[in-house]
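Enquirer: Fold the stuff below for me.
(chains A, B, C and D)
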Number of protein chains: 4
Amino acid sequence: MSTEGVSIVTDTPLRLSGVVPPLVTPLTPERALDVSSFERLIERMLAAGVDGVFPLGSTSEVAFHTDTMRAQILAEAVRIVDGRVPVIAGVIDMQTPRVLEHVAAAVDAGADAVVATAPFYAVTAPAQVRRHFELLGEHSAVPVFAYDIPVCVHTKLDPRMLVELGAAGAIAGVKDSSGDDISFRRLALLNRDAGSPLAVFTGHEFVVDGAYLSGADGVVPGLGNVDPAGYVRLHRAATAGDWEAVRTEQDRLARLMEICLVARDTTGWGAGVGAFKTALELLGVIGSRQLPEPFDAFSDADVARVKEILDEVGPRA
Amino acid sequence: MSTEGVSIVTDTPLRLSGVVPPLVTPLTPERALDVSSFERLIERMLAAGVDGVFPLGSTSEVAFHTDTMRAQILAEAVRIVDGRVPVIAGVIDMQTPRVLEHVAAAVDAGADAVVATAPFYAVTAPAQVRRHFELLGEHSAVPVFAYDIPVCVHTKLDPRMLVELGAAGAIAGVKDSSGDDISFRRLALLNRDAGSPLAVFTGHEFVVDGAYLSGADGVVPGLGNVDPAGYVRLHRAATAGDWEAVRTEQDRLARLMEICLVARDTTGWGAGVGAFKTALELLGVIGSRQLPEPFDAFSDADVARVKEILDEVGPRA
Amino acid sequence: MSTEGVSIVTDTPLRLSGVVPPLVTPLTPERALDVSSFERLIERMLAAGVDGVFPLGSTSEVAFHTDTMRAQILAEAVRIVDGRVPVIAGVIDMQTPRVLEHVAAAVDAGADAVVATAPFYAVTAPAQVRRHFELLGEHSAVPVFAYDIPVCVHTKLDPRMLVELGAAGAIAGVKDSSGDDISFRRLALLNRDAGSPLAVFTGHEFVVDGAYLSGADGVVPGLGNVDPAGYVRLHRAATAGDWEAVRTEQDRLARLMEICLVARDTTGWGAGVGAFKTALELLGVIGSRQLPEPFDAFSDADVARVKEILDEVGPRA
Amino acid sequence: MSTEGVSIVTDTPLRLSGVVPPLVTPLTPERALDVSSFERLIERMLAAGVDGVFPLGSTSEVAFHTDTMRAQILAEAVRIVDGRVPVIAGVIDMQTPRVLEHVAAAVDAGADAVVATAPFYAVTAPAQVRRHFELLGEHSAVPVFAYDIPVCVHTKLDPRMLVELGAAGAIAGVKDSSGDDISFRRLALLNRDAGSPLAVFTGHEFVVDGAYLSGADGVVPGLGNVDPAGYVRLHRAATAGDWEAVRTEQDRLARLMEICLVARDTTGWGAGVGAFKTALELLGVIGSRQLPEPFDAFSDADVARVKEILDEVGPRA
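Expert: Numbers count the residues shown, from 1 in each chain, chains lettered A, B, ... in the order given. Okay, the predicted model is just below:
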């Protein structure tokens, strides 16, 4: 257990804070789970001091993998982590009944908490979004985090609703990938006014410093796959109130995050996760930058673009 | 086999045209599949002369039901239909590997064709959307229909790509629920220029007449659960070139479709499918208007609003 | 006054129907109004039998031209038309007070009616949109048409509100460029139920036939600059109930409308209006295909793409 | 001239930094400009230490006022300010030729700089957006600021383009109201790498602290009408590197900004500017909370909601 504020508060079943990277899922060139790469990835994160890991999130290719593959990924993550930090499992699916099935599987597999989005595919209004999280809270044996990611699910979670769900015990925290820093500030203030029922995390690698000023408890950075130590340093500096150090680290990480914006042969989701995997391959952490169908691994030209940035502002391997 | 143009062309493995309603999934109040209601629903459609049925679409609550429930729905549909018309099964899921698993299950269950959307949740660019359908075409033992439904998946399928996929044999048809009649006209013209590799269906109950003028081969009307005979009449009139009859029938069906716009206590997806189920309950076709979690069945006040319209312009029970 | 249904009903001050093209604004290479080209453009339309003309709409570059230029365009249009058909002037601006100033100018210049959009730039809710049109109706000395064009103003006009505004005498008609054929069907039905207070026009060149089946009174086709006779034939066939003729003409016009989709060097608004101007230059109707800043005239390569389509399915010059 | 970094750098014609509130436009109940209220508003800001004022922006109701009214507002602002700080005038209109006319008028009226958005109404692609700003830079006798406000103009300005325009001398700065803090971080970093050709301002009252960490030169806060001293304190604390003071002030201002979210009888644009005016009326700074047509002044119930927040966390009058 860390002694520098990057810790799990123990007066509640799970009070998470700090750095909780969403794990990429290393694939072999044949698109099977590459277990030894997965081990290297997770061990490197734990060595860097992360406070939890998040398999089966968007970065983990959860939208692509079959339930069988999901089960394998989660089982391996739980096995490798072996209780050293909490494992927060994504339970991403379209609507409540399907999500509840993933919740049950995740609990059985040993997840310490689950992360669920708003319903998607079928247009769902605020009253049903609220009920969705109430049902998840009611039926989950572990804490539920709400994942606010409108770019994927096309619904924005209302900060007031989230704090009410927290106060009612339905959810334990929020991962905010909404791209809306105003909403995040409001969430943090409303949460504080309600006695902080929620742990609030930002998912935006570029602007973690602002989120900490707003009152974030931690960060869930996809880029934390590539540079976990950087985000751990940033979190510790923020906890210590050393904002110039925060800003300096953030500026470097923002420059590194440009790897997600340079690909020309792959776009959309694949440009971001593909860049993480490419950087990890270049760093020797994983064996292959392969992506799931219908995406291809980065082209050589795109690899070169990632390498240039990684060499300039990336972590030392 | 119908002799009035509402038929399956037999010189290709499956050349569908006519009326293919997406089946609602009748639930008991406890949210189990209500098999006897499902039988009445399908038998009433077959008696009305529909040309196929489409279980596991958006109207069928596919986004809500677990894979176990999906399997049960499809098995019952295949059993009840018993080869009298083709069964076109939805294989709706987020990304290619998950969709392929549903394709295999649908084929095993006896589906005559499958219907797949563009990938969703993870942002997917046109090149990957194209590859998605190519992979489905390659791996499916039955014809694949592309389901263009941006309101659910937030990607519009390009008409030129669809026709190219059709010419290449990857897809056999399109269900257009895009809300874009310009795109549909372009699809129909491009398809004709390419030798009509695709069967093109509209999913828009309000404006089927315009789609037929544009060159639609048929219609996949959610409202066809409530009034299958109306859409069969409309299709036959269009095939016969009796456009005044088409228009008159369409005007009545458009007025009936207002049931999907009157609910006040339920909004979004639930307002539409909830209205279909409410009308079917009022007509005595199904036992309960129940909806899946996180939606509630229509309130009494909303039932009254549906009943008023149904009494005025609905089919006789 | 036409005797073939393409007429102005005279029992109300202005009951418009038929074909009312939005006029492109011919520019010299130096971007001044090219008056003699404007004369040729309008005379050709009148010779083709159009039922009105619409200067200062989106197609007329109204968003670009200064108030001085707007005044010149409208004055010339009124002078050239010389009372032979109604002149319907756009009064496009952001919010009510600015629009009211354009209304006064248009009335002074001799416009027979004005066309106004929903407010834009500042986000405006339905209650204020309604009040906007009420104020226009109250202060305009000529009939007001509501212009439903969400692609430009990012607000969709509700059909029920429009019919209520019509019944209250605030507006006399609607030009629907909403891209929403379901909404248009509902508008037509609601309008009929209310005693047809509104004249309803579609602005969608590709699917005018479907709009007529839905109950359109006429069409405002940008492509009517290039092929006014085609739209006049289509309207007359629809009025006569000859739907096969309607469909045949529409299919050809849809193929011609592809000129708006082929440009590679110009995109967005300029691709459409630039194509109309390019075709008109190729047909010898206007002297230059120039566009207003910040757009450039079509490149030679794009001109060649337009020419190929024009040669194949365009009108004879 | 301030000595605390809230100053105009004098080695370029205009190097703005610090707090530059967008001025509300006080109206009489009859919707004429209330000059004496305007004087009190501006004098109170200057007393608080603001570094510039911004008339004719979105907050100033620029979308509503006629050109005559715009001229009056700017003339009065220039007269009242009387050279004590720069006057940055909005030149908001749809497309380049109309904007250029406003630029000329603003320069004639004595504006020290102008603020222009991307083109709107007619869909305009990146190449034309760039040319738009190049033309403004070429033809303006005073520095041009780019106003990134997609909620109004529905185009996001690309950070790389902005920095290139700055390096080329076309624009002198950016007011970012894009709601995209990731883009703002990238803008700040790219600008620094290019030698800081741009002064970059945030327009987001809720999260100014994060913007300063990202490298903002200043802030353009609508809420600065209500509490100019708060934003001046925040800016000075940021300049001094006292981030705990920044955060404390920001948290209070964020709570005060909730006045823009409490109205129930007015929504959209009117809810925000209506709240500013209501607070200013309550503080005795302006005579009336009147809004331009088609908006109404806040209802008494909404005034009470604003008053509650103002009493709790607002400035002392």
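Enquirer: Next one: whatever residue of the stretch 151-300 of chain A ends up closest to chain D from A:V246, what distance?
Expert: For the stretch 151-300 of chain A and chain D, the shortest gap (CB to the nearest CB) falls at A:G210, measuring 2.3 Å. C-beta: built from backbone N, CA, C; applies to glycine. Per CB to CB, to the nearest Å, A:G210 is found 10 Å from A:V246.
Enquirer: Now the common contact residues for those two.
Expert: D:L213 (CB atoms under 8 Å, 6 or more residues apart in numbering or on different chains).
Enquirer: Settle it for me: which of these two has more neighbours?
Expert: A:G210 (28 against 25; other CB atoms under 10 Å in any protein chain shown).
Enquirer: Now do the same for that one: helix, strand or coil?
Expert: helix (DSSP: H, G, I helix; E, B strand; the rest coil).
Enquirer: Look up how far A:F206 lies from the residue lying closest to it once chain neighbours are set aside.
Expert: Computed as CB to CB, 6 or more residues apart in numbering or on different chains, the closest residue to A:G210 that is not its neighbour in sequence is D:G210, at 2.3 Å. Going from D:G210 to A:F206 by CB to CB gives 11 Å.
Enquirer: Common neighbours of the two, please.
Expert: With CB under 8 Å, 6+ apart, D:G210 and A:F206 have common neighbours D:D181.
Enquirer: Around chain B, which positions in the stretch 101-250 of chain A sit nearby?
Expert: Contact residues (CB under 8 Å from any CB of the partner chain) of the stretch 101-250 of chain A with chain B: A:101, A:119-125, A:127-129, A:131-132, A:135, A:151-154.
Enquirer: Out of those residues, which sit inside helices?
Expert: Secondary-structure check on those using DSSP state H: residues within helices are A:E101, A:A127, A:Q128, A:V129, A:R131, A:H132, A:L135, A:V151, A:C152, A:V153.
Enquirer: give the contact list for the residue nearest to the first one when sequence neighbours are not counted.
Expert: Once flanking residues are discounted, A:E101 sits nearest to B:T66: 5.2 Å by CB to CB, 6+ apart. B:T66 makes contact with A:P97, A:R98, A:E101 under the criterion CB under 8 Å, 6+ apart.
Enquirer: Ok, A:G241 next?
Expert: By CB under 8 Å, 6+ apart, A:G241 lies in contact with D:W243, D:E244.
Enquirer: for the one 10 residues further on, same thing?
Expert: By CB under 8 Å, 6+ apart, A:D251 lies in contact with D:L189.
Enquirer: The helix or strand encompassing it vs helix D:243-257, what angle?
Expert: Element membership for A:D251 (DSSP states H and E) is helix A:243-257. Between helix A:243-257 and helix D:243-257, the angle comes out at 70 degrees (axes from the mean of the first three to the mean of the last three CA atoms, to 10 degrees).
Enquirer: Enumerate the positions of helix A:243-257 that are buried.
Expert: A:243, A:245-247, A:249-257 (16 or more other CB atoms under 10 Å in any protein chain shown).
Enquirer: Contact partners for A:V85?
Expert: Counting by CB under 8 Å, 6+ apart, A:V85 has contacts A:I8, A:L46, A:V50, A:D51, A:G52, A:V53.
Enquirer: can you tell me which two in the residues you listed are farthest apart?
Expert: A:I8 and A:L46 (14.0 Å; CB to CB).
Enquirer: For A:A199, grab phi and psi.
Expert: The phi and psi values for A:A199, taken as degrees, to the nearest 10, are phi -90, psi 120.
Enquirer: Excluding chain neighbours, what is closest to it?
Expert: With CB to CB, 6+ apart, the residue lying closest to A:A199 is A:G173, at 3.6 Å.
Enquirer: likewise A:R252?
Expert: A:V313 (5.4 Å).
Enquirer: Would you quantify the distance from the one you found to chain C?
Expert: 35 Å (CB to the nearest CB, to the nearest Å).
Enquirer: pretty sure that residue contacts A:A254?
Expert: No. In this structure A:V313 lies outside contact range of A:A254 using CB atoms under 8 Å: 9.1 Å.
Enquirer: Where does the prediction get shaky in chain A?
Expert: For chain A, the stretches flagged by pLDDT under 70 are A:1-14, A:316-317.
Enquirer: and with 90 instead?
Expert: For chain A, the stretches with pLDDT under 90 are A:1-15, A:316-317.
Enquirer: can you map out the strands along it?
Expert: Assigned by DSSP state E, the strands in chain A fall at A:18-19, A:88-90, A:113-117, A:144-148, A:173-176, A:199-202, A:218-219.
Enquirer: Single out the most deeply packed of the ones you listed.
Expert: Using mean count of other CB atoms under 10 Å in any protein chain shown, the stretch among those with the largest mean neighbour count is strand A:88-90, at a mean of 30.
Enquirer: Right, I'll call it a day here.
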